[in-house]
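Sharing a sequence plus its predicted fold:
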Amino acid sequence: MQYRKETGLTSRIIIVGAGIAGLSLAQWLTRFGIEFEIIEQSPSERRSPHGIVLPFNAVRELKTLGLFEQLQEEYFDFWKLTYCGIGGKEIKSAILTQAPFENEQFIAVREQQLLTALRTGLEKKIRYNTRLTDVDHEEDGVRISCTNELLNGEYDLIVAADGTRSQTRLKNFEGQTAVQDHHISCWRVLLNYPEHGLQPMHMIGPVSQFVIYPVSNDTLYCYAHVHEAPDGEHVADGAMLEEKGRLSPDPKENLRRIFARYGGPVPEILSRLGDAAIIPDRLQSVAEPCFFDRRIAFIGDAAHGCSPLIQQGAAMALADSRCLADALAMQQTDQALATYRDRREAQTQRIARASDAPLDSVLTGPGGMKQLFYSLKLRLFGPDNVRAWRRIATERPFQSANKSPGS
Ligand SMILES: Cc1cc2nc3c(=O)[nH]c(=O)nc-3n(C[C@H](O)[C@H](O)[C@H](O)COP(=O)(O)OP(=O)(O)OC[C@H]3O[C@@H](n4cnc5c(N)ncnc54)[C@H](O)[C@@H]3O)c2cc1C
């Protein structure tokens, strides 16, 4: 097996962003002996006070990368998902130990734990406090400006791993619509809850959802969202329309108001919010997926960011990185970029469509017909995420041409 160094395919590569995509690419390039720089705008290791759900294909990618052990068993294995209405009554459950998932692992973990695992061995390599500010295409490369002058100049390849709201995309495709907003406000929180005894649970209302995944026996990861009405206001499920209102700057108040009529474990969870850090966000997707433009490659959310409703963001970022590194190890840069796009385009577009599709079944207001159809579909065909995972499990995954040296 010949690697880039041995074949004389050396080049200057800079990765923008040290999230899941950037770090996993850095790991693969290191394994293939390919030099790179990696910059991250955060002043230090990113603090990520929320959880992340990693279905079987993300777990598989971490194992292939040899970093699953670095999670040090600080995660929650799950094998069953329960779907309920807002009162907590079960609508449907899905078992994840049956075909096509035999021998697969599904986990929920603190995102911080995942990023720490992905940073293994890269601690001194990441240039923090360094933000990309501009890009300019040159004949055989690309010139960048960033906040660390020592890194400014021409590179053979920039890899944009800077998320859905990628600055690299914005600069490169100036004037084009970069993201599509789904008019959904969401919140993520990690909650200390000793001996909670809960299993993963999705509680689904007509315009809102409250999703609970344990990450350990005494910590829960909760994700909650609500749709905006066309007038920009929010309606709480089960609430009278006149109670709708604009969001408060206080995320805790929003959660308590919007999910006030939820049952099951939600009232207890809301009463325990205390000073937990609640991360507010909006659901957005990349308007037009893109894998490369001349000598800029896009990976992870920068390439195809989409809604998290089938929990495929991490798996796609990890698979993009493996695929791009694999191609760069074997081919000249331009050819490698075309190979990367050809191998990843179809699958990521299918997954991005499946991720955004559940957003269609909402926003008719409490009791709407769409919600009725949604419950029926859930009962008949199972949850959207599990149906998507089944399809992914039966697809032929992209196979690496290389084995990493040392693996
Ligand atoms: C609410 C929510 C819940 C989610 N839940 C799940 C889940 O359960 N499971 C799952 O698999 N996925 C989930 N996702 C998706 C998942 O988080 C993303 O797909 C994943 O984080 C993508 O990683 P990334 O590295 O591509 O981008 P990001 O994680 O966004 O990382 C980008 C990095 O680039 C840095 N950066 C940005 N701009 C610059 C710049 N100009 N210069 C330098 N650095 C820069 C940022 O600081 C950041 O560190 C969720 C997403 C959201 C919004």
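Noted; the coordinates are in hand.

His182 - how many residues pack around it?
Residues lying near His182 (other CB atoms under 10 Å) number 21. Glycine gets a C-beta too; all of them are placed from N, C-alpha and C.

Hmm, it is touching Ala357, no?
No - in this structure, His182 is not within contact of Ala357 by CB atoms under 8 Å, at 11.6 Å.

Around the ligand, pick out the residues from the stretch 151-300 of the chain.
Within the stretch 151-300 of the chain, the positions near the ligand by CB under 6 Å from any ligand atom are 161-163, 167, 186, 188, 223, 281, 300.

Need those in a markdown table (columns: distance to Cys146, pLDDT and neighbour count).
Shown next, in a markdown table, are those (distance: CB to CB, whole Å; pLDDT from 0 to 100; neighbours: other CB atoms under 10 Å):
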| residue | distance to Cys146 | pLDDT | neighbour count |
| --- | --- | --- | --- |
| Ala161 | 14 | 98 | 32 |
| Asp162 | 11 | 98 | 28 |
| Gly163 | 16 | 97 | 22 |
| Gln167 | 10 | 95 | 20 |
| Cys186 | 30 | 95 | 19 |
| Arg188 | 29 | 98 | 23 |
| Tyr223 | 33 | 98 | 23 |
| Asp281 | 25 | 95 | 14 |
| Gly300 | 19 | 98 | 31 |
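
Filter those residues down to just the ones in strands.
186, 188, 223, 281 (DSSP state E).

Which two of these have the greatest separation?
Greatest spacing in these, by CB to CB: Tyr223 and Asp281 (9.8 Å).

Are there residues contacting both of the two? Which ones?
Common neighbours of Tyr223 and Asp281 (criterion: CB atoms under 8 Å, 6 or more residues apart in numbering): 186-188.

Asn103: which of the residues you listed is nearest?
Using CB to CB, the shared contacts of Tyr223 and Asp281 come closest to Asn103 at Arg188, 30.0 Å.

Tell me which residues touch that closest one, please.
Counting by CB under 8 Å, 6+ apart, Arg188 has contacts 50-51, 221-223, 278-279, 281.

Highest neighbour count among those residues?
Highest neighbour count within the contacts of Arg188, by other CB under 10 Å: Gly51, with 28 neighbours.

Pretty sure that one sits against Ile107.
No - using CB under 8 Å, Gly51 is not in contact with Ile107, being 10.1 Å away.

Pop the domain breakdown of this protein in here.
With domains defined by automatic domain parsing, the chain comprises 5-45+119-178+287-360, 181-283.

distance between the ends of the shortest one?
Domain 181-283 has its terminal residues 6 Å apart, counting by CA to CA, to the nearest Å.

Same question for stretch 373-392.
End-to-end distance of stretch 373-392: 25 Å, with CA to CA as the criterion.

what's the answer for stretch 133-150, then?
14 Å.

Just the buried positions in it, please.
Across stretch 133-150, burial judged by 16 or more other CB atoms under 10 Å covers 135, 141-142, 144-146.

Give me the three-state assignment for Val135.
strand (DSSP: H, G, I helix; E, B strand; the rest coil).

That one and Phe56, how far apart?
Val135 is 36 Å from Phe56, where distance means CB to CB, to the nearest Å.

Arg257 too?
Applying CB to CB to Arg257 and Phe56 gives a distance of 36 Å.

ditto for Leu190
23 Å.

Tell me the spatial nearest neighbour of the residue nearest the centre of the chain, not counting adjacent residues.
Nearest to the mean C-alpha position of the chain, by CA atoms, centre = their mean, lies Gly313 at 3.0 Å. Excluding the flanking residues, the one nearest Gly313 by CB to CB, 6 or more residues apart in numbering is Asp301, at 6.3 Å.

Give me the pLDDT for the one you found.
pLDDT for Asp301: 98.

and it, what is it in contact with?
Counting by CB under 8 Å, 6+ apart, Asp301 touches 19, 21, 163-164, 166, 286, 313, 317.

Repeat the analysis, applying 7 Å as the threshold.
Going by CB atoms under 7 Å, 6 or more residues apart in numbering, Asp301 touches 21, 163-164, 313, 317.

In helices, which of these appear?
Per DSSP state H, helices hold the following members of the contacts of Asp301: 21, 313, 317.

okay if I get those as JSON lines plus pLDDT?
Converted to JSON lines, the ones in helices among the contacts of Asp301 look like this (pLDDT from 0 to 100):
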{"residue": "Ala21", "pLDDT": "98"}
{"residue": "Gly313", "pLDDT": "98"}
{"residue": "Ala317", "pLDDT": "98"}
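
Which of the residues in stretch 271-278 are classified as buried?
Quick answer for stretch 271-278 (16+ other CB under 10 Å): 276, 278.

Can you pull out the residues in contact with it?
For stretch 271-278, the surrounding residues in contact (CB under 7 Å, 6+ apart) are 49, 187, 189-191, 193, 251-252, 255.

Tell me the one of those nearest the ligand?
If you rank the contacts of stretch 271-278 by distance to the ligand using CB to the nearest ligand atom, Trp187 comes first, at 8.1 Å.

Let me know which of the domains of the chain is tucked in deepest.
domain 5-45+119-178+287-360 (a mean of 20; mean count of other CB atoms under 10 Å).

how far out from the middle of the chain is that one?
Relative to the chain's own centre, domain 5-45+119-178+287-360 is displaced by 14 Å; criterion: CA atoms, centre = their mean, to the nearest Å.

Going forward, the N-terminal residue is numbered 44.
Renumbered: residue one is now 44, and that last one reads domain 48-88+162-221+330-403.

Would you map the strands across the stretch 344-450 of the chain?
Secondary structure of the stretch 344-450 of the chain by DSSP state E, counting those that start in this stretch: no strands are present.
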